[in-house]
Each structure stands twice: as structure tokens, then as C-alpha cells.
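Engineer: model this:
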Amino acid sequence: MASQIHVLNRNGIYYFRRRVPKDLLSLYPSSQIIFSLKTKDRKEADRLARIESVKLDQEFQRQRSELCTHSSGELSEEDIKHICELWIASVLEEDEEYRMEGLTDREYRKYTESLNIADAGGRYDFAKGDTKLIEFEMEDFCESHGFNIVKGSLAYRRLAYAFLRADVEAMQKVLARHRGGIVETPQVPPLGSQHRGLTLSQVLDRWKLEANPKPKTIAEWELVISRFNTLHGVLPIAKITKAHVVAFKDTRLLAGSASATVTKQLGALSSLLQYSVGNDLITTNVASGVRVARNKVEKKTRLPYEIDDLNRIFSCPIYTIGERPQGGGGEAAYWLPLLALYTGARLEELGQLRRKDIKESDGLWYISITDEAEGASLKTHSSRRALPIHPELSRLGFVDYAHTQREKLFPGLKVDSHKSLTGNFSKWWGRYARKVIAIEDERKVFHSFRHAFKDACRNSGIHQEIHDAFTGHAGSNVGSTYGSGASLTRLAQEMVTCYRFL
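Structural biologist: You can find the predicted model right below:
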């Protein structure tokens, strides 16, 4: 099968690139859609690009269908003028793109001949008032911009004549440019109906192309939009009011959702509306300032594991009789709790480790936390870091274990529906901790290892800048952004002191 034309290689990583169709340019922030396919393998990149191309074809078709919002025999003079201005801008833009590629002498002569023929034909048709040849192009252009005008109606005839005149005017401008004249391509705003009619789902589609968020985030935001639409119906973003947002908040709280959950859902709505403001789709973010009132004394949603909890965990069958529950991903059930305890790393950071992420420098073994592997991801920029391996992990044989693996350290982990490598493991751990280890407090979850590590650093007298470097937290002051951070040697020395109170 031939290689995909939409595949681009950048420094060994393949990217997907595709131009936005001209009739949909007003709906996208850029004329090209570009994002990483997160692979270095060309065949895999071609396969992924074919999938993405099909998805985009479907999205473009849906956008075109949603743009067609007017089917009428009525059309205002302002609408006709706006459509004609858009057509002139479109012709000039296409001409400008062609010239920017550079023309050879032969191409220039052929283009001259083509332009003269088109100009003569258009003038002749305009002189006779004959719109038959231009009507097909006009219908296609109008449909792509949301207007389906009834053929034979007065509005159709008025628009056809104005469109023919605009076509002649556009050709005159192109010819002036062809003779070396400076003719700017006008910036004509899109027809107002397009932006006024955009829904939250359509805004989410635009935002996804720019932000390239995690599948889990997309799923969460889609659920928020679905619940909002169930309550209020599918509203254009310009029609959403603060009262709609407040009603959504109140309804979710009455349905029994936790305050933190509703706050997160409001954040999703506000983010989409703020994105719309920033892209000149609406003028005001009506969700701004809508918040869930907080209790003066709030319960902590996550608690660290305490000494008694840790004793229970590391006395369970996994560590006493070598049990390897299938739901725990085989050896992952043994190593992930230990790694979380002695590194403070996030579960997904640990689950996606590869053999080559376990490195040695000047006699010091460390874990390289990166997002370089295909499908890997990190929460923040500061998450990229080198973690010295705690002496206890070395004593238990972690480095030796890593060297026995072919590529992934924990091949028993399987990606879930949100493309998370450890999502299923996290659910399994919750069940195992309750039923087998008998840790009943639901605020104690796998992330409690990270909280326990942070407390251990504080109790061991480790400076905050150092344990922020361990856990991948960004520094809280400007000074923390200067320099390259503490050396691996310094980090290794501090790591030794962690859990010395045990």
C-alpha cells in the first residue's frame, strides 16, 4: 500500500498533516491540522494516518451539514453583499497561495492565458446578464457557507447576478496582481450565522485539534456537554446565559454529585466558553464566576497511607507467598506499590516505564521519567525528570528485574478505553486494597503512596525544592525556574534519607 501523503517526519517522529478545506477555513484556527502520531515507525504512521484521515473526512462532512443552516427563498441585501465579498476574498486567497509557491516562466505564460480566457468569458456573460455558467460555482460556495437558496426564486436571481459581477471584479484584481500590482487579499469575517450557531460540541471539536488532550479528558468533557444539553437542549454558544450555567450547577448538586465533581464540570464549561471568547466566537464567558460554595472545613479527598497501612500492604499475599493476581498485571502488582512508595511518582508514569528508562550515570542508577515512548504521556512539563533509585529498591532487585524485560517493564498492563495504561490497574488496586488488605477508608487509594512519600520527605527534613524535584511538582517561586536543578548526585544523597523514620 502506498505511503500516506499526510505523514510528515520531524526529527524522527512522524506527524499527521492535512489542509483544512477552503469552505471550512472559518471554523478552524489554522489552515492546516498538524499533530504528532507518536511513532517513529513509518508503516505504523501510515496506518494511523489513514485512520485519522477517515475521522477528518467524517468531521468535515458533519461540519458542512451543520453549516447549511439557511434554506430559503429570502436573502437580504447585506447577505448578498457579504457572500460576494467572501467570494472575491476566496478567489484572491487561492491566487495568492498559487503565486507563493513560485511560478516558472512556462507556468506564468500558461496562467496568463488561463486568466485572460476566464476574464473574457466572465465579462461577456456579465454584459449579457447570463448567469448559467456561474450558478454551479455559486451554489456550491453558498452551500458551504450555510445558505441553500431556492433555485428560481427572486433571491436566487438577485444573488446570481451579484455573484457574476463579483466574479468579474475578482478577476480584474487577479489580473492587476498578475501585472505586478499590489493587490491585498481582503480579510472578510465569516457569515455571522456560522459563529452564532456553533454549539459546545463543535467548540470542543475545534479545541481538541489545538490542545490534543488526553482521551480521558475528552470523554469527561463530552459527558459534561451531554448533561448540559439534556438539561437545556442543544444551544448555540451565543445563546448560553449565566442562568443556564447556574441551573446546570444546581441540577448536578441536587443529583448528588460531589462539590469537587461539579466544580470540575463547571471548569470544563468555562474553559470551552473562554476558548470561544479568545477565538472571537462570542464576547463573554458567562460561566466565569459561577462556583460551588465551599464548606469552611472540607474533608480531604485523598489521604496518605500510614505506617499501619503500609505494614498491611507489604504483608499481603503478593509479598508473602508470591501471589500475582491477573487483574494486577502480573509483576506490576509487586513492583508498582514499591516504586510508588520509594519514588513518589504517579501511577501512569511508573506503568509506562521501559527497560531503557532505567539508566546509570557515574555509578548511580536512576529512573528516567519521559513521554518519549509511543503512547506515553505526562501530566506537566515539570514531570520530565530523573529519579534516583532508592537503596531499598536496589536491595529488592528492581534494577535486575528491569534488565530481564525486553522492552516494557510491565507488559501485563493493558491499555483501557481512555488509552491509559494503568486505568484498569488502579481499579483493581482499589478492590484489592478493600477486600484483601482490608484498608476500608475510601480516601486511601493508590495515589496515597504519593502522599505518603511527600510526607516522608517532609518528616526526613528534605528541602521542598528537592522533594518537588522527586515528585515532578513545579516550584512555587520564580527562583525555582533558574538553572537546571539539583544534580543527580545531590538527589541520590537526599533519596537515601527518605523513610529513615520507619
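
Engineer: count of neighbours near the closest residue to S31 other than its chain neighbours?
Structural biologist: What sits nearest to S31 in space, not counting adjacent residues and going by CB to CB, 6 or more residues apart in numbering, is V20, at 5.6 Å. Placement of C-beta: from N, CA and C, glycine included. V20 is flanked by 19 other residues according to other CB atoms under 10 Å.

Engineer: In which helix or strand does K173 reside?
Structural biologist: Assigned by DSSP states H and E, K173 falls within helix 154-178.

Engineer: Q265: how many residues sit nearby?
Structural biologist: Using other CB under 10 Å, the number of residues around Q265 comes to 22.

Engineer: For the stretch 201-350 of the chain, just list every one of the helices.
Structural biologist: 215-232, 242-254, 259-278, 307-313, 317-320, 332-343, 347-351 (DSSP state H, counting those that start in this stretch).

Engineer: Turn those helices into TSV, including distance to L92 and mean pLDDT.
Structural biologist: Formatted as TSV, the helices of the stretch 201-350 of the chain follow (distance: least, CB to CB, whole Å; pLDDT from 0 to 100):
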stretch	distance to L92	mean pLDDT
helix 215-232	37	89
helix 242-254	41	90
helix 259-278	28	91
helix 307-313	69	93
helix 317-320	69	94
helix 332-343	59	94
helix 347-351	49	91
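
Engineer: Tell me which of those lies nearest to H178.
Structural biologist: H178 sits nearest to helix 259-278 of all those, at 38.1 Å, using CB to CB.

Engineer: Could you point out which of the helices of the stretch 201-350 of the chain sits nearest F163?
Structural biologist: Among the helices of the stretch 201-350 of the chain, the nearest to F163 by CB to CB is helix 259-278 (31.3 Å).

Engineer: now the strands: where do they sit in the stretch 1-150 of the chain?
Structural biologist: For the stretch 1-150 of the chain, the strands defined by DSSP state E, counting those that start in this stretch cover 7-10, 13-19, 32-36, 70-72, 147-149.

Engineer: Nearest approach to F425 belongs to which of these?
Structural biologist: Minimum separation from F425 across the strands of the stretch 1-150 of the chain (CB to CB) falls at strand 32-36, 25.6 Å.

Engineer: What's the mean pLDDT across that closest one?
Structural biologist: The average pLDDT within strand 32-36 is 84.

Engineer: Stretch 179-188 now?
Structural biologist: Mean per-residue pLDDT for stretch 179-188: 87.

Engineer: got the buried residues for that stretch?
Structural biologist: Across stretch 179-188, burial judged by 16 or more other CB atoms under 10 Å covers 183, 185, 188.

Engineer: That stretch: end-to-end distance?
Structural biologist: 24 Å (CA to CA, to the nearest Å).

Engineer: what sits up against that stretch?
Structural biologist: Under the criterion CB atoms under 8 Å, 6 or more residues apart in numbering, residues 82, 85-86, 88-89, 92-93, 96, 173-174, 176-177 lie in contact with stretch 179-188.

Engineer: V292: which of those residues is nearest?
Structural biologist: Distance to V292, by CB to CB, is smallest for H82 among the contacts of stretch 179-188, at 43.0 Å.

Engineer: related to what we said a few turns ago, from the strands of the stretch 1-150 of the chain, which stretch is densest packed?
Structural biologist: Highest mean neighbour count of the strands of the stretch 1-150 of the chain: strand 147-149, a mean of 21 (counted as mean count of other CB atoms under 10 Å).

Engineer: can you list the domains in the chain?
Structural biologist: With domains defined by automatic domain parsing, the chain comprises 7-67, 70-193, 198-278, 307-497.

Engineer: Just name the shakiest helix or strand of this protein by mean pLDDT.
Structural biologist: Ranked by mean pLDDT, DSSP states H and E, the weakest helix or strand in the chain is strand 70-72, scoring a mean of 47.

Engineer: Quick one: closest of the helices of the stretch 201-350 of the chain to L396.
Structural biologist: Closest among those, once you apply CB to CB, is helix 332-343, at 6.6 Å.

Engineer: Give me the packing partners of the closest one, helices and strands only.
Structural biologist: Applying 3 or more CB pairs under 8 Å, 6 or more residues apart in numbering; DSSP states H and E, one finds that helix 332-343 contacts helix 317-320, helix 347-351, helix 391-395, helix 398-404, helix 448-459.

Engineer: For H447, which non-adjacent residue is spatially closest?
Structural biologist: Leaving out its chain neighbours, the residue that sits closest to H447 by CB to CB, 6+ apart is R302, at 5.6 Å.

Engineer: and that neighbour, what does it touch?
Structural biologist: Listed by CB under 8 Å, 6+ apart, the contact set of R302 reads 443-445, 447-448, 451.

Engineer: residue farthest from the centroid of this structure?
Structural biologist: For the chain, the residue at maximal distance from the C-alpha centroid (CA atoms, centre = their mean) is K128, at 53.1 Å.

Engineer: For stretch 158-172, C-alpha coordinates in PDB please.
Structural biologist: Coordinates of each C-alpha in stretch 158-172 appear next as PDB, following Å, rounded to 0.1, in the frame of the first residue of the first chain:
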ATOM      1  CA  ARG A 158     -30.500  38.600  -7.500                       C
ATOM      2  CA  LEU A 159     -27.700  36.700  -5.900                       C
ATOM      3  CA  ALA A 160     -26.600  35.100  -9.200                       C
ATOM      4  CA  TYR A 161     -26.300  38.400 -10.900                       C
ATOM      5  CA  ALA A 162     -24.400  40.000  -8.000                       C
ATOM      6  CA  PHE A 163     -22.200  36.900  -7.800                       C
ATOM      7  CA  LEU A 164     -21.400  37.100 -11.600                       C
ATOM      8  CA  ARG A 165     -20.400  40.800 -11.100                       C
ATOM      9  CA  ALA A 166     -18.200  39.800  -8.100                       C
ATOM     10  CA  ASP A 167     -16.500  37.200 -10.100                       C
ATOM     11  CA  VAL A 168     -15.600  39.700 -12.800                       C
ATOM     12  CA  GLU A 169     -14.400  42.100 -10.100                       C
ATOM     13  CA  ALA A 170     -12.300  39.300  -8.600                       C
ATOM     14  CA  MET A 171     -10.700  38.500 -12.000                       C
ATOM     15  CA  GLN A 172      -9.800  42.200 -12.500                       C
END
